[in-house]
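Trainee: pasted the sequence and its predicted model underneath.
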There are 2 protein chains.
Amino acid sequence: MLRRKSAEDRKTEIIAAVLDLADRIGPDRLTTNDIAQEVGVTQAAIFRHFPTKAELWTAVGDAIADRLECAWQQAVTNSESPQARLRALIAAQLQQIGETPALPAILHSRELNLDNAALRDRFRGVLMQYQAHLVANLHAMAQAGMMGAGVQPKDAAVLLTSLVQGIAIRWSLGSRSFDIVPEGMRLLEVQLVLFARKEMQT
Amino acid sequence: MLRRKSAEDRKTEIIAAVLDLADRIGPDRLTTNDIAQEVGVTQAAIFRHFPTKAELWTAVGDAIADRLECAWQQAVTNSESPQARLRALIAAQLQQIGETPALPAILHSRELNLDNAALRDRFRGVLMQYQAHLVANLHAMAQAGMMGAGVQPKDAAVLLTSLVQGIAIRWSLGSRSFDIVPEGMRLLEVQLVLFARKEMQT
DNA sequence: AGATTATGTTAGTAATTACTTACTTACAAG
DNA sequence: CTTGTAAGTAAGTAATTACTAACATAATCT
């Protein structure tokens, strides 16, 4: 017979299954049937734990947002210098994507961006918070004389978030044939060297 | 009564409708019913022009690939210097996204990446061709002494494609509240200045 | 003008979807 | 051991999906 689990355990199990399936099938395509099969219960069992599919997605989104916030909160508090914090923030982001490859797809899915306004706003806030962290540390670096002139911290932050997104896309399209964290950090160093340069050429 | 159109006209009309709906509804969510309503015909009429939904998507993908290839072919041939070609290539890409906002979503949709292997491979080839264009011109710039040392053309090309993707994402998430082409070109100039810098600081 | 054909419609189909209802049973507490 | 409840199932539902077959008519050609 089937071993029963506590509702809490089953819920986290279902959310994990959604994260996994969102990567393989796609966030906008996975069905409650897919989820049930992955977990190993009947379809009806899913609705015992989440009244609607929308609320299931809300739970998934909340879990993601929590994880992200926690990850870069740690990155900020565990690093001393602005430069170290910057590196830690980028590394944290890359690691999160590496652990949960469906993350970008879910963040841009219509499931959450069209059907779930509350969660969309939360994600927007979380991502703005990340951008603010980057800007703050870039600003501190500029004041410490570690940045060449002519680059606004805001623009630099956009270049860095773009770098992360670009790596993530290249990683996905290329069937994840390289390690995302070291490759991302390598390119980060390239960009940081560019930031640090001072003299210009005609 | 309904005015009938030639099959060719109707096909392009349907493809245009798909591109529009893919942006509003999402590539993996839009139905043949949605398309029919948008075009103003019955659902069955869609299947008069495309035998299956998969073949419709193939046509849409082909149209996109053609458009992209054509756009940056023009960019390459109409510009004299490597630097001008680089700017033209980025501008072309930004303009394509501006004209067809669904482009990134379709490129990464499961519809084309899971269900249509042939088209996925074509897209991969097209994007690699773009990357090759960037690398070639960055290499020419380096040989002309227009690039500071220490940055490989390949890495620089990755930074530039990331920049385009990052701008596109920011543009989408921010409800397209800014003009994508000028904002993208502004950030491109920032990155190009960084590339051109030479002396380093400790 | 009349015949032909290509573009359309109407009215279906089987499969899949999210979700429900009524019933069952594993499990923890007394 | 008994018992109440929480976690599960079996068997449905109506709505939506991609797709089809038979019929209709606007457009085109001679």
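Mentor: Received, thanks.
Trainee: and the next element down the chain from the lengthiest helix in chain A?
Mentor: Identified as the longest helix of chain A according to DSSP state H is helix A:117-143. For helix A:117-143, the following helix or strand on the C-terminal side (DSSP states H and E) is helix A:153-173.
Trainee: wouldn't A:Thr100 be in contact with A:Ala63 here?
Mentor: No - counting by Cβ atoms under 8 Å, A:Thr100 stays clear of A:Ala63, with 9.6 Å between them. From N, CA and C alone the C-beta is placed, and that goes for glycine too.
Trainee: now stretch A:9-24: buried residues?
Mentor: Using 16 or more other Cβ atoms under 10 Å in any protein chain shown as the test for burial, stretch A:9-24 gives A:Arg10, A:Lys11, A:Glu13, A:Ile14, A:Ile15, A:Ala17, A:Val18, A:Leu19, A:Asp20, A:Leu21, A:Ala22, A:Asp23.
Trainee: okay, the angle between the longest helix of chain A and helix B:153-173?
Mentor: Angle of helix A:117-143 versus helix B:153-173, following axes from the mean of the first three to the mean of the last three Cα atoms, to 10 degrees, is 140 degrees.
Trainee: which non-adjacent residue is nearest A:Ala118?
Mentor: With Cβ to Cβ, 6 or more residues apart in numbering or on different chains as the criterion, A:Ala118 has its nearest non-adjacent residue at 7.5 Å, and that residue is A:Thr58.
Trainee: wait, the one you found touches A:Asn116, no?
Mentor: Yes - here A:Thr58 reaches A:Asn116: they are 6.1 Å apart, a contact under Cβ under 8 Å.
Trainee: for DNA strand C, what are the nearby residues on chain A?
Mentor: Proximity of chain A to DNA strand C, by Cβ under 7 Å from any atom of the strand, involves residues A:1-4, A:30-33, A:43-44, A:47, A:51-54.
Trainee: I'd like the next helix or strand past the stretch of helix or strand A:Glu69 belongs to.
Mentor: Using DSSP H and E, the element containing A:Glu69 is helix A:53-77. Counting by DSSP H and E, the element after helix A:53-77 in chain order, helix or strand, is helix A:82-99.
Trainee: packing partners of that following helix?
Mentor: Judged by 3 or more Cβ pairs under 8 Å, 6 or more residues apart in numbering or on different chains; DSSP states H and E, helix A:82-99 is in contact with helix A:53-77, helix A:103-107, helix A:117-143, helix A:153-173, helix A:180-196.
Trainee: B:Val126: which of the ones you listed is closest?
Mentor: helix A:153-173 (11.8 Å; Cβ to Cβ).
Trainee: and stretch A:96-111 with DNA strand D, contact?
Mentor: No - interface with DNA strand D: stretch A:96-111 contributes nothing (Cβ under 7 Å from any atom of the strand), its closest point being 12.7 Å away.
Trainee: buried stuff in that stretch?
Mentor: A:96-98, A:100-111.
Trainee: buried subset of the residues of chain A next to DNA strand C as a PyMOL selection?
Mentor: Applying 16+ other Cβ under 10 Å to these leaves a buried subset, and the PyMOL line that selects it is:
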select buried, chain A and resi 30+32+53
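Trainee: nearest to B:Leu192 among the residues of chain A next to DNA strand C?
Mentor: The nearest member of these to B:Leu192, counting by Cβ to Cβ, is A:Leu30 at 42.1 Å.
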